[in-house]
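[1] just need the structure, nothing else, for what follows:
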Amino acid sequence: MKAIFGVLFGYALMFVIVGTALAEGAPGASANATSNTRSQGTVDVQDLKVVQGHAESSEELTADANAGASLQAIRDRAKQPSRKVLTKLERRLSELANQIDGEANLKGEIFVANRVAPEFGMTGSLMMLERGTLNSSLGDLIIAHTLAANSPQNVTATQLFTLQHDGYTWARIAYGLDLRSDQVAGAVESETRVAGGGE
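    All right, here's what the predicted structure looks like:
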């Protein structure tokens with residue numbers, strides 16, 4: 001009888017030990033569940049960021065598409081006039097660009113940039129940085145900014161350089177922007193005077 005009681009007591013003790021072990025394992029399981037939940041939460045946040053990234057990319061693509069459409073409209077209009085119509089303005093703009101570059105050679109590019117840049121809401125150093133990035137002369141850069149500033153369309157000097165690099169003269173680009181020849185010549189002449197230190 002004592003032997004049977006001992007065996008039963010041994011089994012009972014074993015069940016208690018196993019039960020305790022399982023109870024101690026439960027918090028680990030709960031922690032794992034919490035960890036998994038947190039991990040899932042992190043994935044959700046990352047997914048949200050990915051979705052936001054796609055939205056931002058979509059906005060950028062839309063902006064690029066709009067800019068492309070705007071430039072195409074300028075290209076289409078710029079092709080209309082004959083070279084004869086544009087010759088006088090092309091010659092005048094070339095003279096003014098050379099005059100600005102001559103002033104820059106004489107007094108220094110940064111000096112001229114510091115004088116003209118505020119006309120376009122820029123600093124001289126920013127204009128010089130842009131000049132280097134676009135690999136342009138200061139004269140051409142000032143013409144591009146003058147055209148952009150006087151344009152009825154929302155364009156930048158950088159976008160206009162895209163057209164110039166495609167072979168369009170500044171006179172054609174001005175025509176594409178729907179600007180009058182006398183308006184363009186007058187505006188660039190005014191900036192040339194500023195570059196030279198005049199009013």
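[2] I'd like the next helix or strand past the helix or strand of the chain with the lowest mean pLDDT.
    One helix or strand of the chain scores below all others by mean pLDDT, DSSP states H and E: helix 2-78, with a mean of 50. Note on helix 2-78: by DSSP states H and E, the next helix or strand toward the C-terminus is helix 83-107.
[3] show me which positions of the following helix or strand past that following helix end up buried.
    Next helix or strand after helix 83-107 toward the C-terminus (DSSP H and E): helix 109-116. For helix 109-116, the neighbour count (16 or more other C-beta atoms under 10 Å) marks Glu109, Val112, Ala113, Arg115, Val116 as buried. Using the backbone N, CA and C atoms, a C-beta is placed for each residue, glycine as well.
[4] tell me the mean pLDDT for stretch 184-199?
    Mean pLDDT, stretch 184-199: 90.
[5] who's in contact with Tyr175?
    Arg77, Ala78, Gln80, Pro81, Leu86 (C-beta atoms under 8 Å, 6 or more residues apart in numbering).
[6] so which of these comes closest to Leu129?
    For these, the closest approach to Leu129 (C-beta to C-beta) belongs to Ala78, at 27.9 Å.
[7] how is the chain carved up into domains?
    With domains defined by automatic domain parsing, the chain comprises 1-72, 79-195.
[8] distance of the nearest residue to Arg172 once chain neighbours are set aside relative to Leu126?
    Using C-beta to C-beta, 6 or more residues apart in numbering and skipping the chain neighbours, the partner closest in space to Arg172 is Ala78 (4.3 Å). As defined by C-beta to C-beta, to the nearest Å, Ala78 lies at a distance of 28 Å from Leu126.
[9] please identify which of the two sits among more neighbours.
    Shown here are Ala78 and Leu126; by other C-beta atoms under 10 Å, Ala78 has more neighbours (20 against 13).
[10] the more buried one contacts Gly176, doesn't it?
    Yes. With contact defined as C-beta atoms under 8 Å, Ala78 counts as touching Gly176 (3.3 Å).
[11] show me whatever sits in contact with both of those two.
    Leu163, Tyr168.
[12] ok so, going back, reformat the contacts of Tyr175 as a markdown table; add distance to Arg193.
    Output for those, formatted as a markdown table (distance: C-beta to C-beta, whole Å):
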| residue | distance to Arg193 |
| --- | --- |
| Arg77 | 29 |
| Ala78 | 27 |
| Gln80 | 31 |
| Pro81 | 28 |
| Leu86 | 24 |
